[in-house]
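Asks: coords please:
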Amino acid sequence: YKTMISFNGIGFDIPFLKARFSKYDIDEDFSSYNFIDIFKSITPLKPLLKLENYKQKTLEKFLQINRDDTYSGGDLINIYSEYIKNPDPGSLSCLMLHNYEDVLGMTELLPILSYLKLADTNPIELLKGEKPMLIDEWQMAPELWDAVRYLVDESDEDGLYILTGSTIVDESKIMHSGAGRIKRIVMRPMSLYESGESTGAISLMDLFNDEDLNIDGITSNLSISDLIFAACRGGWPESLNKKTKKQQLAIVANYIDIICNSDVSKIDGVRRNPQKVKAILKSYSRNISTLATKKTLMKDIKTEYGDISAPTYNSYIDALERLYVIQNIHGWSPNIRSANTIRKSSKKEFIDPSIAVASLNLTPEKLLKDFETFGFIFENLCIRDLLVYSSSVNGEVLYYNDDSGLEANCVVYLSDGRYALIEFKLGNREIDKGAENLLKLKKLIKNSVKNKKIDLEEPSFLAVITGGEMAYIRDDGVKVIPIGCLR
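Replies: Modelled structure (predicted):
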């Protein structure tokens, strides 16, 4: 068999089986199979079906598929727990019947996928109903984009449709850009403020707008161990629904499995090797927050996986960028030095630091003993949050580095031309070094402006973002801000 049919198997069953196979040294990574996940496939149909939920039994009821099994999956957790303690034939029969009918029911559910043909033949039918209408994973039926554009043209109202998706759509199936009608927004993982861990007492935009903003004495509630856990768990909204830290940490591992085994090949129909994807993610993780070159990364991948050609590498990296897994940061290039001395290669980052943690099989306990590694992961966490905090004003997050060793880990550049120079330092002992870098760069900019080399204002502020507890302004004007205070 070449195809596996499941109901949320990509999100649950496959990661579970892979973990069990790994535990018992069974050699199977599922990379040779195609997957049809009924649960994921019907997501764009929710506005049409309008069901109370999209569990397997609910869909079976909608298609008038009858079951002898009367228990829900939640009911059977308790039955299974009791069966483990006191085995009895009745409980075993309930468990076996439920699983048997789950598998049997999947084949009878397949006709529901025919509703997706509506997106091809009559997509407007899917868009009827109460507004605003949310259509999740719309990229699975990209024809909906042009239908939405048409209906928006026919109406004089705003905010009629919200199209959400976890990957970039196949643009070849879209005829109109949506310009003037549809606004595109990148939904990033949660910042520390959004997950409720940063106090948010210091606003990034207030720092830009008020040069006399008093931040002295403002404190963060996050310890280093709290920060490490937050970076390992990541900013995934699903984590808010998990009761234990173990469950929260498992989310990113499942996400990586889905990326490697399914999404990286689905995005453009090019079959990619899951083990090669993992090797690339590991290499990126080992070089996180650095300016490692493609040559360096390919050499690193070779030690982990074997030879990889440049076209293959480029194809895999492109897929991971389109899936919003990789988030590279570009260099800032003002004309303050000759062009050939400013580094322009991208800084290697992920959309969320937890991807690096999981790819390297790190844990909070391991990172508590390895602050050097966590320093690079901490920088990725800070960049993730600054991308979120600056997004409301279309801000960019860049970096500066030249061959003299002068650098700023981060340049937050606003659409109106204002900018801030920022360094990331996990501990207090490195703050002086970070402040010194920023002041040197500010002086270089000031001299360049004075000599009329560039038309550039001085930075709005200089800041060292730390993993510490208290915010304050140094005598030299550099602001020291814990990441646990920002919003």
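Asks: shaky segments in this protein?
Replies: Within the chain, the stretches with pLDDT under 70 are 118-119, 167-168, 170, 335-342, 453.
Asks: Which residue lies nearest the spatial centre of it?
Replies: Ile351 (4.5 Å; Cα atoms, centre = their mean).
Asks: could you pull out the strands for the protein?
Replies: Assigned by DSSP state E, the strands in the chain fall at 3-6, 34-37, 133-136, 161-164, 396-401, 407-413, 419-425, 461-466, 472-473, 479-482.
Asks: what does the second one contact?
Replies: Defining contact as Cβ atoms under 8 Å, 6 or more residues apart in numbering, one finds that strand 34-37 is touched by 2-11, 14, 113, 261-262. Heads up, the C-betas are built off the backbone N, CA and C, glycines and all.
Asks: can you list those in a markdown table and add neighbour count?
Replies: Below are the contacts of strand 34-37 laid out as a markdown table (neighbours: other Cβ atoms under 10 Å):
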| residue | neighbour count |
| --- | --- |
| Lys2 | 6 |
| Thr3 | 8 |
| Met4 | 15 |
| Ile5 | 16 |
| Ser6 | 19 |
| Phe7 | 24 |
| Asn8 | 15 |
| Gly9 | 22 |
| Ile10 | 23 |
| Gly11 | 18 |
| Ile14 | 23 |
| Leu113 | 13 |
| Asn261 | 22 |
| Ser262 | 21 |
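Asks: For burial, what's the neighbour tally of the closest residue to Ala253 other than its chain neighbours?
Replies: Once flanking residues are discounted, Ala253 sits nearest to Ala358: 5.1 Å by Cβ to Cβ, 6 or more residues apart in numbering. As a burial measure, Ala358 scores 24 neighbours (other Cβ atoms under 10 Å).
Asks: now swap in Ile280 and tell me
Replies: 29.
Asks: Which residue, neighbours along the chain excluded, lies closest to it?
Replies: Using Cβ to Cβ, 6+ apart, the closest residue to Ile280 is Tyr316 (5.4 Å).
Asks: picking up where we left off before, now the contacts of strand 34-37 as TSV including distance to Leu323?
Replies: TSV is the format used below for the contacts of strand 34-37 (distance: Cβ to Cβ, whole Å):
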residue	distance to Leu323
Lys2	24
Thr3	22
Met4	21
Ile5	23
Ser6	20
Phe7	23
Asn8	19
Gly9	19
Ile10	14
Gly11	15
Ile14	17
Leu113	23
Asn261	13
Ser262	11
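Asks: Which single one of these is nearest to Leu204?
Replies: Relative to Leu204, the closest of these is Gly11; by Cβ to Cβ it sits at 34.2 Å.
Asks: show me the contacts for that closest one.
Replies: Asp37, Phe39, Lys40, Asn254, Ile258.
Asks: Most neighbours among those residues, please name it.
Replies: Neighbour counts for those (other Cβ under 10 Å) peak at Lys40, which has 22 neighbours.
Asks: Does that one touch Glu137 like I think?
Replies: Yes: contact criterion Cβ atoms under 8 Å: Lys40 and Glu137 qualify, at 6.9 Å.
Asks: Okay, and which of the contacts of Gly11 map to helices?
Replies: Among the contacts of Gly11, the ones falling in helices (DSSP state H) are Phe39, Lys40, Asn254, Ile258.
Asks: May I ask you to confirm that the last one is in contact with Gly9?
Replies: No: distance between Ile258 and Gly9: 10.3 Å, which falls outside the contact criterion (Cβ under 8 Å).
Asks: can you give me the helices for the stretch 351-487 of the chain?
Replies: For the stretch 351-487 of the chain, applying DSSP state H, counting those that start in this stretch gives helices covering 353-359, 364-368, 371-390, 431-450.
Asks: So for the second one, what gets flagged as buried?
Replies: Judged by neighbour count (16 or more other Cβ atoms under 10 Å), helix 364-368 contains these buried residues: Pro364, Leu367.
Asks: Can I get it in CSV? Just the C-alpha atoms.
Replies: Presented in CSV, the C-alpha positions along helix 364-368 are these (Å, rounded to 0.1, in the frame of the first residue of the first chain):
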residue,chain,number,x,y,z
PRO,A,364,14.7,22.8,29.8
GLU,A,365,16.9,20.8,32.1
LYS,A,366,19.7,20.6,29.5
LEU,A,367,19.6,24.3,28.7
LEU,A,368,19.8,25.2,32.4
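Asks: other SSEs contacting that helix?
Replies: helix 224-233, helix 371-390 (3 or more Cβ pairs under 8 Å, 6 or more residues apart in numbering; DSSP states H and E).
Asks: Also the first one?
Replies: In terms of contacts (3+ Cβ pairs under 8 Å, 6+ apart), helix 353-359 is packed against helix 224-233, helix 245-258, helix 274-286, helix 371-390.
Asks: tell me the angle the last one makes with helix 224-233.
Replies: In terms of direction (axes from the mean of the first three to the mean of the last three Cα atoms, to 10 degrees), helix 371-390 departs from helix 224-233 by 70 degrees.
Asks: May I see the buried residues of helix 371-390?
Replies: 373-390.
Asks: Hey, what's the angle from it to strand 396-401? Just curious.
Replies: Going by the same axes, to 10 degrees, helix 371-390 makes 140 degrees with strand 396-401.
Asks: how far off strand 407-413 does helix 371-390 point, in degrees?
Replies: Using the same axes, to 10 degrees: helix 371-390 against strand 407-413 is 20 degrees.
Asks: so helix 371-390 versus strand 461-466, what angle?
Replies: Using the same axes, to 10 degrees, the inter-axis angle of helix 371-390 relative to strand 461-466 is 130 degrees.
Asks: Which elements pack onto helix 371-390?
Replies: helix 204-209, helix 224-233, helix 353-359, helix 364-368, strand 396-401, strand 407-413, strand 419-425.
Asks: ok, now with 7 Å
Replies: Applying 3 or more Cβ pairs under 7 Å, 6 or more residues apart in numbering; DSSP states H and E, we find helix 371-390 packed against helix 224-233, helix 353-359, strand 396-401, strand 407-413, strand 419-425.
Asks: Ok, the third one next?
Replies: Under the contact criterion of 3+ Cβ pairs under 7 Å, 6+ apart, helix 274-286 touches helix 294-304, helix 310-322, helix 353-359.
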